[in-house]
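Asks: Sharing a model prediction with you, sequence too.
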Amino acid sequence: MFRPTAFRRFAAFPLMLGLALSSPLLFHQAAIASDNDEKTNIRVYKQSGPGVVSIRTSNSVGSGSILTSDGLVLTNAHVIASAQGNPVQVTLADGRKFTGKVVGVGNDNLDLALVQLQGASDLPTVKLANRAVEVGQRAFAIGNPFGQFQGTFTTGIVSRVDTNLGLIQTDAAINPGNSGGPLLNSDGEQVGVNTAIYTRNEGNIGIGFAIATKQIQSFLTAYRQGQVGLITKAKPRNIEIKARRLPLDGSIVTGRLGSDNPAVPFNAYIFQGVAGQQIKIRMISSEGKPAITLISPNKLVLKGATNQNVVSIQSRLPATGRYTLFIHANGRKGSGNYKIAAISE
């Protein structure tokens with residue numbers, strides 16, 4: 001059984017702010033830290049921004065990063081899928097426009113693709129990071145949200161790293177149109193390719209996902225060896241993972257992992273809770289080994305306990321508001337049908 005103490009806070013910024021205001025020395029130190037953060041933001045943007053592009057097909061728009069000075073661009077497969085072998089239009093940060101040819105698409109549902117710009121040379125590039133990211137480090141995203149705001153720069157942290165799925169979760173604001181753009185570290189190096197967001201039909205809420213560099217490097221190696229697919233194998237994907245409502249009356253809800261969105265194999269449910277309310281959630285999986293995670297309105301996290309093919313959560317809710325329940329696979333190949341029910345006592 002999980003107790004309320006199983007919830008953990010991600011941060012304690014209000015407390016830190018209160019301390020800073022109570023001491024002139026701490027206030028000065030906080031001001032210096034803020035100034036350093038600002039300088040880092042400006043440096044990262046100046047360093048990597050020129051190498052981030054906007055990609056447009058007949059009915060989709062996304063972002064990408066230039067890997068080589070002759071115009072090899074990394075993006076998402078779902079960004080260029082609708083091109084169906086036709087050229088795509090690529091706009092650089094300085095306004096120059098190029099025609100691009102899709103030269104590779106990831107296999108096994110890996111949401112990556114490469115576009116070669118025609119007649120390009122001496123272009124600015126984005127460097128790939130050689131080291132893995134860690135939870136808590138700063139993260140930066142550059143892209144073209146909604147296909148209208150090219151060069152938009154957002155900041156945040158790495159919220160979670162899923163090594164099984166090869167995904168980085170971040171709270172840096174990512175919106176439709178950011179797909180394919182880079183997620184960067186404080187050195188301006190690309191640590192991931194932004195690929196999906198979780199939304200509750202109310203825009204970005206600080207849960208975005210990027211494909212980590214380990215998978216990017218493997219994809220690039222396969223491309224150089226001629227082992228990646230072409231555009232004919234790509235399928236359009238919806239980058240928004242929308243939540244369903246979870247009733248609290250014990251009704252059974254059925255679902256499946258791994259079929260609708262193989263790039264990000266998880267489903268999400270929402271329900272309204274009240275502080276002090278006793279809640280029980282139980283899921284039975286017929287295939288695979290999924291897990292469940294509950295996030296409270298104040299971003300506290302509770303993970304389910306697993307007993308064979310049954311995963312359960314039992315706890316008293318810590319806050320009033322909207323709760324989000326994630327059901328996710330334990331590996332990239334993870335999939336399967338499940339049944340879930342929740343009851344309030």
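Replies: The structure has been received and is ready for your questions.
Asks: measure stretch 286-306 end to end?
Replies: 14 Å (C-alpha to C-alpha, to the nearest Å).
Asks: any idea of the mean pLDDT in it?
Replies: Mean pLDDT, stretch 286-306: 73.
Asks: Tell me the buried residues in it?
Replies: 288, 290-297, 299-300, 302-304, 306 (16 or more other C-beta atoms under 10 Å). (C-beta placed from N, C-alpha, C; glycine too.)
Asks: all strands of the stretch 101-250 of the chain, in order?
Replies: Assigned strands in the stretch 101-250 of the chain, in chain order: 113-117, 138-143, 152-162, 167-170, 182-184, 190-199, 204-212, 240-242, 244-245 (criterion: DSSP state E, counting those that start in this stretch).
Asks: could you dump those to a markdown table with mean pLDDT?
Replies: Shown next, in a markdown table, are these (pLDDT from 0 to 100):
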| stretch | mean pLDDT |
| --- | --- |
| strand 113-117 | 95 |
| strand 138-143 | 95 |
| strand 152-162 | 89 |
| strand 167-170 | 88 |
| strand 182-184 | 96 |
| strand 190-199 | 84 |
| strand 204-212 | 78 |
| strand 240-242 | 60 |
| strand 244-245 | 86 |
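Asks: Nearest to Ala222, out of the ones you listed?
Replies: Of all the strands of the stretch 101-250 of the chain, strand 113-117 sits nearest to Ala222, with 10.5 Å by C-beta to C-beta.
Asks: What are the buried residues along that closest one?
Replies: Within strand 113-117, the residues scored as buried using 16+ other C-beta under 10 Å are 113-117.
Asks: That one: partners in the sheet, and parallel or antiparallel?
Replies: Sheet partners assigned to strand 113-117 using DSSP bridges are listed as strand 72-75 (antiparallel), strand 97-105 (antiparallel).
Asks: which of the strands of the stretch 101-250 of the chain sits most buried?
Replies: Comparing these by mean neighbour count (mean count of other C-beta atoms under 10 Å), strand 182-184 ranks first with a mean of 31.
Asks: ok, and what's touching it?
Replies: Strand 182-184 has contacts (C-beta atoms under 8 Å, 6 or more residues apart in numbering) with 44, 48, 52, 65, 126, 139-143, 168, 170, 172, 190-194, 210.
Asks: what are the ranges of the helices in the protein?
Replies: Along the chain, counting by DSSP state H, helices occupy 13-22, 24-48, 77-80, 213-224.
Asks: So for the closest residue to Ser60 other than its chain neighbours, what's the pLDDT?
Replies: Distances taken as C-beta to C-beta, 6 or more residues apart in numbering place Ser82 nearest to Ser60, at 5.0 Å, with adjacent residues excluded. Note on Ser82: pLDDT of 78.
Asks: Just give the number of residues close to Ser82.
Replies: 16 (other C-beta atoms under 10 Å).
Asks: Is it correct that it is in contact with Asn59?
Replies: Yes. Ser82 is in contact with Asn59 according to C-beta atoms under 8 Å; the separation is 5.3 Å.
Asks: Need the residues touching each of those two.
Replies: By C-beta under 8 Å, 6+ apart, no residue touches both Ser82 and Asn59.
Asks: re the thing from before, now the buried residues of strand 113-117 in a markdown table, with distance to Glu134?
Replies: Output for these, formatted as a markdown table (distance: C-beta to C-beta, whole Å):
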| residue | distance to Glu134 |
| --- | --- |
| Ala113 | 28 |
| Leu114 | 28 |
| Val115 | 31 |
| Gln116 | 33 |
| Leu117 | 34 |
